[in-house]
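K.L.:
coords below, sequence missing:
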């Protein structure tokens, strides 16, 4: 049977845990009643695959099938996804509580789950303002429903690779004051931006549009530990809505140009200011199994 540890922050069962305990995951290609007719349910979505890794329920058969293939290459993916969410919480808590940032632009925000940025930030400062941005229509639809009665928070349907469409949008204009410090969140999204789309220029556009005192919160998958395995993982995502582009530490550090990194710098995700009384690491603290680097930078 499943225990409380087999459920993620959404309250949904973790499919990886369920599979390991003899619970059958039924996959079919029928369109759920909540899925609009104009949404492509046959092309796997990177956002909905991530939802599946976290144990969420807002995904389709194609998403689950490709996610299962990915987990054959990286069986630790559910743990990696949850470690990334924990890092997001620690970073937002620090910025809202210790630094005093009260504006957040969450790029590639993903399917809504418990512990969203607005919940964390507004739990510290009730007037904190958050704009979520995502290109996936299911993400946008569910985010809009969730935020319908939430003050100072909204969702924008846009592609982060087009900074102009984000920064010049009415949603950003209504919710954020770009003349004041903003925390720009690019958490586990830049590895979906291929080199041909110039991720350095993408990050720089958001950096240049925000004033001194603004921050960047970033995590990014790396191939430094297991290059051959990561090449196999990239091949799986060649069939998804967005390709996976693992990078080395040097290239990831280059994405942070123009920011002064907060201590401890660019580190493995579980090593960015870990909580002293956190639960025991499910992967035994083996950073090479996470393959994910993280950093928070300040624009001076």
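P.N.:
Everything's here; your move. Quantities reported herein were computed from a predicted structural model and do not represent experimental measurements.
K.L.:
can we go C-alpha only for contacts and neighbour counts from here?
P.N.:
Noted.
K.L.:
All the strands of the stretch 51-200 of the chain, in order from the start?
P.N.:
Per DSSP state E, counting those that start in this stretch, the stretch 51-200 of the chain carries strands over the ranges 103-107, 129-134, 153-157, 183-187.
K.L.:
which stretch among those comes nearest residue 48?
P.N.:
strand 129-134 (11.6 Å; C-alpha to C-alpha).
K.L.:
Now do the closest one against strand 183-187, angle only.
P.N.:
Computed by axes from the mean of the first three to the mean of the last three C-alpha atoms, to 10 degrees, the angle separating strand 129-134 from strand 183-187 equals 30 degrees.
K.L.:
got a list of contacts for strand 129-134?
P.N.:
102-110, 117-118, 122, 140, 152-160, 166, 171-172, 175-176 (C-alpha atoms under 8 Å, 6 or more residues apart in numbering).
K.L.:
please redo it, this time with the cut-off set to 6 Å
P.N.:
103-109, 118, 152-158 (C-alpha atoms under 6 Å, 6 or more residues apart in numbering).
K.L.:
And for stretch 290-300?
P.N.:
In contact with stretch 290-300 (C-alpha under 6 Å, 6+ apart) are residues 80, 212-222, 259-262, 265-269.
K.L.:
and these, which are buried?
P.N.:
80, 213-222, 259, 261, 265-269 (16 or more other C-alpha atoms under 10 Å).
K.L.:
Give the burial count for residue 147, as a bare number.
P.N.:
15 (other C-alpha atoms under 10 Å).
K.L.:
Between strand 183-187 and the top helix by length along the chain, find me the angle.
P.N.:
Counting by DSSP state H, the longest helix found in the chain is helix 77-94. Counting by the same axes, to 10 degrees, helix 77-94 lies at 170 degrees to strand 183-187.
K.L.:
mean confidence for helix 77-94?
P.N.:
Averaged across helix 77-94, pLDDT comes to 97.
K.L.:
on that earlier part again, from the buried ones among the contacts of stretch 290-300, which land in helices?
P.N.:
residue 80.
K.L.:
Filter the buried ones among the contacts of stretch 290-300 down to just the ones in strands.
P.N.:
215, 216, 217, 218, 219, 220, 221, 261, 267, 268 (DSSP state E).
K.L.:
Next one: the nearest residue to residue 102 once chain neighbours are set aside from residue 266, what distance?
P.N.:
Using C-alpha to C-alpha, 6 or more residues apart in numbering and skipping residues adjacent in sequence, the residue nearest residue 102 is residue 128, 4.4 Å away. Separation of residue 128 from residue 266 (C-alpha to C-alpha, to the nearest Å) stands at 27 Å.
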